[in-house]
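> compute the structure for the input listed below.
(2 chains)
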Protein chains: 2
Amino acid sequence: MSARRAMPSAAVIVVGTELVLGLRPDTNGPEIARFLAAAGYAPRTLFALPDDHTHLAAYLRTAIADHDLVVVTGGLGPTHDDVTREASADALGLALRPDSHLERALQAIAEGHREPRAAAQVLRQALVIEGARVLAPSIGTAPGQVVATARGSLVLLPGPPAEMRPMLAEAVEPFTSAEAPPPRVLGCVGIRESDAQLRAERALESHTGVALTVLGRPSLVDVVLIADGTDGSGLAAAADDVASALAPHCYATDGATLAEVVIRDATARGISIGSAESCTGGLVAAALTDVAGSSAVFRGSIVAYADDIKRSALSVSPGTLATHGAVSETSVREMALGAREALGVDVALGITGIAGPAGGTAEKPVGLVWFAIADHTTVTAGPVTFRGDRALVRTRATVHALDLLRRAVTPRS
Amino acid sequence: MSARRAMPSAAVIVVGTELVLGLRPDTNGPEIARFLAAAGYAPRTLFALPDDHTHLAAYLRTAIADHDLVVVTGGLGPTHDDVTREASADALGLALRPDSHLERALQAIAEGHREPRAAAQVLRQALVIEGARVLAPSIGTAPGQVVATARGSLVLLPGPPAEMRPMLAEAVEPFTSAEAPPPRVLGCVGIRESDAQLRAERALESHTGVALTVLGRPSLVDVVLIADGTDGSGLAAAADDVASALAPHCYATDGATLAEVVIRDATARGISIGSAESCTGGLVAAALTDVAGSSAVFRGSIVAYADDIKRSALSVSPGTLATHGAVSETSVREMALGAREALGVDVALGITGIAGPAGGTAEKPVGLVWFAIADHTTVTAGPVTFRGDRALVRTRATVHALDLLRRAVTPRS
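As a prediction, this is how the structure comes out:
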């Protein structure tokens, strides 16, 4: 057996005062961390730092000293508060030099600016740390850079995700990914976090070298299996056993979203789908059409927010609305049937509920949502009362609706 | 005039291996940073660190040395991977001692566990760093702690947001909050980041003590004004001038979202609205119904993803679809008119386009989206070609649609 090398450690630094002030969520940091973990690195530290030369340079020194790979994103643009280039050169004790190739490309852009100050700023992006490999921008104007450090390398990437992504893949070489497989995420729905944890723990009793993390999101639970150390040989078998223990709540073992599973299974079986939404206001349709290729099976949705739209577009009877109200079993059954008819689909979903904050009563509290699924032969309906604020009720109702569609279109094994 | 004290610097540390691996987005870090900024502190560094005693202790030492206030969240629970208590005591060189009051409260919970291991774990939560002030849990079982450091204090808070929030407010004393107002965010749409920056800079020439940050998001630009130092007296006047310079692109100066402004203005003027969506698949309706109280003016949306739904539900003529195709000026005009009729609204929006990745042609590329607004007298239509992947095209189209609705319902000043 060959001696194993330890996984190289990695730090991710996102630069931007707005991130440190919490004014904007950081999506780059988690995305880069996932990429690095999949490429065989061990992400150890995520930093968000302001556009401040001195502070950034100090933490760059710390990160470079403590990690084999340091990936920095943001602060490479043309404006005065883009200080990542200068702070990085400072932290490494290296000089910045204009790259003649970059300079020529930027010159054309600079000439388009009328103001001399703006033109000069554009040219700052041609400055490269001595000895760095340049990552040419495919979109945007900011190049990336890769510089050697005492322990490994420092990678500088622009902040806009669409510019960052291709450069990240170009800059980071996968490290022995066979020995350190990426974490396996088993997506689950309709099960409590504690219940999922217990089932997974029992299934893992006959496996070694696999660490378990269970992460709850609203109405979804991710069961994450991580190879302990660098030996990941048992991870796949463990994932299979845990998935079996979690069935039928486990909707994906390959990272697919719940909406992707619905579209994939409906497409495989040639089942067309549609919806009639009230309280979710289009969220179910938006989730399904987020999936590329969804037009093969998803035909449309009637978002009937006002009661008279439920009548006119979904043929819910005035008597039903008057007697039972819009949030009722009778209404939701008629909505699903009306959507099946109006959209000409095999399977239609109906949703109506009280998202809040207003509109609740003792009998029909905020959070009460009725669901129905209509297919060629039957209509099944049921209520769920969700806890949480308006946004959470809508999110949970959308997840539940997608799960009902999944169960309607997925073949029973 | 009194001498001004500098704003105390703050670091936020979120603890959890899943956060460092990017498996779950961190919401605590930005929320705590916003709280601290509003309380008069200057957040300088955000760290995400794994559940690893040695690594966490090392970065706690760095954070405590570099910042006046350090707030840590997560890793205070009962399980073996909750190491924040121990790592913090280590970083400060102080001992952990059981708090008898906490111990009694936890004893009752421990007795409910059948397994001795689980019971022992529960009691770990009674361990307190010597000299620390204990923050009693109002929900959950994990207490928080406040410990003095050489420069100020270290605050340990549990990870679940509902447990963290009340303790944060209890632990952190506002620092001269009247002198350091929170940042002002001016939401803008339909303007380039660089253009917004230039206009804001010119408007700020006659103001001092205000720092400018311009943040681009897909199709939206946030112009952020931050009081420099502790004197924020000129911030409001500066915000007014910058907002005027950005009109009519500035849709809100009070933090409202674009959808909130549409609903607010439509409600104030009694204008009912609806939509017919193809490529956005319900995102416009979902954004509008995300606003509490939207049912006062938003009546519904026809998500016509398949062409024959455009015919049956929106009365788009078969001739139009055959001659011009679904993505065309004629189609989108008929969609908006059809939605106005079917939904019985004052103002209806139509959207049809090619979100990709498939379906583009030389004449109608991926990213081409047609928009129309129909009111009682006219229909206006126009195309936009958005760059980016499927998700980005859909997001940008949704923002543009909301802006068209805003311009249709907002009174001209």
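> you'd agree residue A:225 is in a strand?
Yes - the assignment for residue A:225 (DSSP: H, G, I helix; E, B strand; the rest coil) places it in a strand.
> test my guess that it contacts residue A:209.
No - using CB atoms under 8 Å, residue A:225 is not in contact with residue A:209, being 10.3 Å away. (C-beta placed from N, C-alpha, C; glycine too.)
> neighbour count for these two, which is higher?
With neighbours defined as other CB atoms under 10 Å in any protein chain shown, residue A:225 and residue A:209 compare such that residue A:225 has more, 25 against 15.
> can you name the residues bridging to that one?
Note on residue A:225: beta-bridge partners by DSSP bridges are residue A:184, residue A:212.
> for residue A:304, same thing?
residue B:300.
> so what's the residue count around it?
Count around residue A:304 with other CB under 10 Å applied: 29.
> circling back to that earlier point, shared neighbours, residue A:225 and residue A:209?
Shared contacts of residue A:225 and residue A:209, defined by CB atoms under 8 Å, 6 or more residues apart in numbering or on different chains, comprise residue A:235.
> could you export the helix of greatest length in chain A as PDB, CA atoms only?
Longest among the helix segments of chain A by residue count, using DSSP state H, is helix A:390-409. C-alpha atoms of helix A:390-409 as PDB (Å, rounded to 0.1, in the frame of the first residue of the first chain):
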ATOM      1  CA  ARG A 390     -45.400  34.200   5.900                       C
ATOM      2  CA  ALA A 391     -42.200  33.400   4.000                       C
ATOM      3  CA  LEU A 392     -41.700  30.200   5.900                       C
ATOM      4  CA  VAL A 393     -45.300  29.000   5.500                       C
ATOM      5  CA  ARG A 394     -45.000  29.600   1.700                       C
ATOM      6  CA  THR A 395     -41.600  27.800   1.500                       C
ATOM      7  CA  ARG A 396     -42.800  24.800   3.500                       C
ATOM      8  CA  ALA A 397     -46.000  24.600   1.500                       C
ATOM      9  CA  THR A 398     -44.000  24.700  -1.700                       C
ATOM     10  CA  VAL A 399     -41.700  21.800  -0.500                       C
ATOM     11  CA  HIS A 400     -44.800  19.800   0.500                       C
ATOM     12  CA  ALA A 401     -46.400  20.400  -2.800                       C
ATOM     13  CA  LEU A 402     -43.300  19.300  -4.700                       C
ATOM     14  CA  ASP A 403     -43.100  16.100  -2.600                       C
ATOM     15  CA  LEU A 404     -46.800  15.300  -3.400                       C
ATOM     16  CA  LEU A 405     -46.000  15.700  -7.100                       C
ATOM     17  CA  ARG A 406     -42.900  13.500  -6.700                       C
ATOM     18  CA  ARG A 407     -45.000  10.800  -5.000                       C
ATOM     19  CA  ALA A 408     -47.600  11.100  -7.800                       C
ATOM     20  CA  VAL A 409     -45.100  10.800 -10.700                       C
END
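> which parts of the stretch 101-250 of chain A sit against chain B?
For the stretch 101-250 of chain A, the residues in contact with chain B (CB under 8 Å from any CB of the partner chain) are A:118, A:139, A:160, A:162, A:183, A:185, A:213, A:215, A:217, A:222, A:224, A:226.
> buried only: go through those residues for me.
If you count burial by 16 or more other CB atoms under 10 Å in any protein chain shown, the buried members of those come out as A:118, A:160, A:183, A:185, A:213, A:215, A:222, A:224, A:226.
> can you put the residues of the stretch 101-250 of chain A next to chain B in TSV and add pLDDT and distance to residue B:84?
Formatted as TSV, these follow (pLDDT from 0 to 100; distance: CB to CB, whole Å):
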residue	pLDDT	distance to residue B:84
A:118	69	47
A:139	76	41
A:160	89	34
A:162	86	36
A:183	83	22
A:185	91	25
A:213	82	16
A:215	80	18
A:217	75	23
A:222	90	22
A:224	88	20
A:226	84	20
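> now stretch A:106-113: average pLDDT?
Averaging pLDDT along stretch A:106-113 yields 76.
> I'm done for today, thanks for sticking with me.
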